[in-house]
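Enquirer: have a look; sequence and predicted model below, questions after that.
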2 protein chains.
Amino acid sequence: MQPAIRTNLTDSATGSLRAEILGGRWGVGARIPNEAALADLLSVSRGTVREAVRVLVSQGLLDTRQGSGTYVRSTVDSSAALDGVKRTGLRDQWEARAALDLEAARLAALRHTPADLDRMRQLLAERGTVADGGSDAFIRRDLAFHKSVVAASGNRAMMELYDFFTAAITETIHATIDGELPEPDQQAHAAIVDAIAANDPDRAVAAVRAFMAPVLAQLERLLSQ
Amino acid sequence: MQPAIRTNLTDSATGSLRAEILGGRWGVGARIPNEAALADLLSVSRGTVREAVRVLVSQGLLDTRQGSGTYVRSTVDSSAALDGVKRTGLRDQWEARAALDLEAARLAALRHTPADLDRMRQLLAERGTVADGGSDAFIRRDLAFHKSVVAASGNRAMMELYDFFTAAITETIHATIDGELPEPDQQAHAAIVDAIAANDPDRAVAAVRAFMAPVLAQLERLLSQ
DNA sequence: TTCATCAAGTCATCGGATGACTTGATGAAT
DNA sequence: ATTCATCAAGTCATCCGATGACTTGATGAA
């Protein structure tokens, strides 16, 4: 059956305001009606209007200035951009992050500085094993190493995304599967660093791909159950 | 001089709550203190708490249920990641999207369905030239083709990300540079489809890389001016 | 054991009140 | 005539209290 739509006044007020803004009723920089007027227009209380406006401010569409008014900051909506990624499956998220790992390793091989190399090697040496300080700590150290590879690419957008995916993947793993993923050994990690150190982008890509293959295979197995 | 920091209670309340959530004080699914208690904890009124909570709900971190309470929905902050990526340069964004193009083409070569192939070929045929209907329309058609390649990878996370980057890049291009980027010709596009049709992942990657190289080079030139 | 009823807890919404801030108008001093 | 301090109106920021709607676990009868 068609599920009953449960909504609340703030959400519909937010939607109405967003529609007006995106629809171009007020141009960028224009001052929109004050809170009392909006409350009248939307037939809700001022508190509800404030909540709706606050949401649109947080999404970059509006801008409030105390004593002056509320102004349109932008008429393009990019707030929902990454929300969809969170709703995708674990395999998809893992593959997307792997795409970053791959290209980051390639770029790192082309651009890394001596300091980058030192840092990667140091983190690799500190990585140790699961036995040292428990599983969580090991995962953190392992992650720190992978992030240092992305950092060596010199690409900040990839670093930001890598953080996002790492958090999303961690959350999804906790929510969906209980099994263990294979953890590539120290040698597989070292191969990546070696390829980068040798300024060999193709070998770096190959090393990361070899690294990822067993994990993805296990992931497929766990998810197909 | 150090600019005076102007803030408001709602923003700091939002920040405090977000920090607690991201810091793991409450796990996913946990019920956080009720509005009155949060008002006490944050030393603000209940109205301010409601505005802060509403913002976090709109960002996917919290979830309110009337009569029951407010719950943690996710501890992954996509809005922060979005802001972070937006603050990076055009080259970084372009490279990150190229990473997706590369891996998506590889996966498409391995997984595409006949329907995927039909769609890619159809969009490629419709792509035409800049002369047909103006620059904006051409960019849209070009983009539709590239997105069909990503779609053929069967990876929804990559599709969402691709949309996100496309929007971010468009925004950044309008804001930063005025020059033209070289547009690879129809043949370069066709080479990608051919490699995918031949189920040849390595050739697909090579085709995309060859495709991207001149654009990146021009980007470097424009940005170094 | 099952299930309707109920009461406590919680968010949703409203209305009013006060404070802080911005901005244009006013008018005196130069 | 110009400059600038002062002021008043308008607006958002914040708080408070009250009522309604909804959820949920406890209660007790069938």
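Expert: Ah, there it is. Numbering: from 1, shown residues only, chains lettered A, B, ... in the order given.
Enquirer: which secondary structure element contains residue A:24?
Expert: According to DSSP states H and E, residue A:24 maps onto no helix or strand at all.
Enquirer: hmm, it is touching residue A:75, no?
Expert: Yes: Residue A:24 is in contact with residue A:75 according to CB atoms under 8 Å; the separation is 6.4 Å. In short, each C-beta sits where N, CA and C put it, glycine included.
Enquirer: any idea which residue is closest to the centre of chain A?
Expert: By CA atoms, centre = their mean, the mean C-alpha position of chain A lies nearest to residue A:164, the distance being 2.6 Å.
Enquirer: what's near enough to touch it?
Expert: A:82, A:85, B:76, B:78, B:81 (CB atoms under 8 Å, 6 or more residues apart in numbering or on different chains).
Enquirer: ditto for residue A:159
Expert: A:147, A:150, A:151.
Enquirer: go again with 6 Å.
Expert: Taking CB atoms under 6 Å, 6 or more residues apart in numbering or on different chains, we find residue A:159 in contact with A:150, A:151.
Enquirer: just checking the helix or strand hosting residue A:148 against chain B, any contact.
Expert: Residue A:148 is part of helix A:134-152 when elements are defined by DSSP H and E. No: Helix A:134-152 stays clear of chain B (CB under 6 Å from any CB of the partner chain), getting no nearer than 10.5 Å.
Enquirer: so chain A: which segments form each domain?
Expert: Split into domains by automatic domain parsing, chain A comes to A:9-72, A:83-224.
Enquirer: re earlier: quick one: distance of the strand or helix carrying the residue nearest to the centre of chain A to the chain centre.
Expert: Taking DSSP H and E as the definition, one finds residue A:164 inside helix A:156-176. Here the centre of helix A:156-176 is set off from its chain's centre by 6 Å, with CA atoms, centre = their mean, to the nearest Å.
Enquirer: count the residues that sit near the residue of chain A found nearest DNA strand C.
Expert: Proximity of chain A to DNA strand C (CB to the nearest atom of the strand) peaks at residue A:67, 2.1 Å away. When neighbours are defined as other CB atoms under 10 Å in any protein chain shown, residue A:67 has 4 of them.
Enquirer: ok so it is a strand residue?
Expert: No: secondary structure assignment (DSSP: H, G, I helix; E, B strand; the rest coil) places residue A:67 in coil, not in a strand.
Enquirer: from residue B:51, how far out is the residue sitting furthest away from the middle of chain A?
Expert: For chain A, the largest distance from the centre (CA atoms, centre = their mean) belongs to residue A:40, which lies 38.9 Å off. Distance, residue A:40 to residue B:51, by CB to CB, to the nearest Å: 20 Å.
Enquirer: residue A:189 too?
Expert: Look at residue A:189 and residue B:51: by CB to CB, they are 46 Å apart.
Enquirer: these two: which is more packed in?
Expert: Between residue A:189 and residue B:51, counted using other CB under 10 Å, residue B:51 has the larger neighbour count: 27 against 21.
Enquirer: any idea which helix or strand carries the more buried one?
Expert: Using DSSP H and E, residue B:51 sits in helix B:46-58.
Enquirer: buried ones in that helix?
Expert: For helix B:46-58, burial by neighbour count (16 or more other CB atoms under 10 Å in any protein chain shown) applies to B:48, B:49, B:50, B:51, B:52, B:53, B:54, B:55, B:56, B:57, B:58.
Enquirer: repeat for stretch A:204-211
Expert: The neighbour-count criterion (16+ other CB under 10 Å) identifies A:204, A:205, A:206, A:207, A:208, A:209, A:211 as the buried residues of stretch A:204-211.
Enquirer: what about residue A:64, how many neighbours?
Expert: Residue A:64 has 17 nearby residues by other CB under 10 Å.
Enquirer: and the strand or helix carrying it, does that touch DNA strand D?
Expert: In this structure, residue A:64 sits in strand A:62-65 according to DSSP H and E. Yes: Strand A:62-65 reaches DNA strand D (CB under 7 Å from any atom of the strand) through A:64, A:65.
Enquirer: need the next SSE after that strand, C-terminal direction.
Expert: Remark: after strand A:62-65, the chain's next helix or strand is strand A:69-72, criterion DSSP H and E.
Enquirer: point out the other helices and strands that that next one packs with.
Expert: If you count contacts as 3 or more CB pairs under 6 Å, 6 or more residues apart in numbering or on different chains; DSSP states H and E, strand A:69-72 packs onto strand A:31-32, strand A:62-65.
Enquirer: can you list those in TSV and add mean pLDDT?
Expert: Converted to TSV, these look like this (pLDDT from 0 to 100):
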stretch	mean pLDDT
strand A:31-32	96
strand A:62-65	96
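Enquirer: quick one: which of those is nearest chain B?
Expert: Across the helices and strands packed on strand A:69-72, the minimum distance to chain B, taken as CB to the nearest CB, is reached by strand A:62-65, at 8.8 Å.
Enquirer: from the contact counts, what lies against that closest one?
Expert: helix A:46-58, strand A:69-72.
Enquirer: strand partners of that strand, parallel vs antiparallel please.
Expert: strand A:69-72 (antiparallel) (DSSP bridges).
Enquirer: let me know whether the strand it pairs with sits next to DNA strand C.
Expert: No: on the criterion CB under 7 Å from any atom of the strand, strand A:69-72 is out of touch with DNA strand C, staying 7.9 Å away.
Enquirer: immediately after that strand, which helix or strand?
Expert: For strand A:69-72, the succeeding helix or strand toward the C-terminus, using DSSP H and E, is helix A:83-86.
Enquirer: that next one and chain B in contact?
Expert: Yes: contact between helix A:83-86 and chain B, assessed by CB under 6 Å from any CB, occurs at A:83, A:84, A:85.
Enquirer: averaged pLDDT, that helix. What do you get?
Expert: The pLDDT scores in helix A:83-86 average 90.
Enquirer: what is the next helix or strand after that helix packed up against?
Expert: Next in sequence after helix A:83-86, counting helices and strands by DSSP H and E, comes helix A:90-111. Identification of packing neighbours for helix A:90-111 by 3+ CB pairs under 6 Å, 6+ apart yields helix A:134-152, helix A:156-176, helix A:186-197, helix A:201-224, helix B:90-111, helix B:156-176.
Enquirer: most packed of these?
Expert: Most buried of the helices and strands packed on helix A:90-111, by mean neighbour count (mean count of other CB atoms under 10 Å in any protein chain shown): helix B:90-111, with a mean of 23.
Enquirer: compute the inter-axis angle for that helix and helix B:78-86.
Expert: Per axes from the mean of the first three to the mean of the last three CA atoms, to 10 degrees, the angle that helix B:90-111 makes with helix B:78-86 is 110 degrees.
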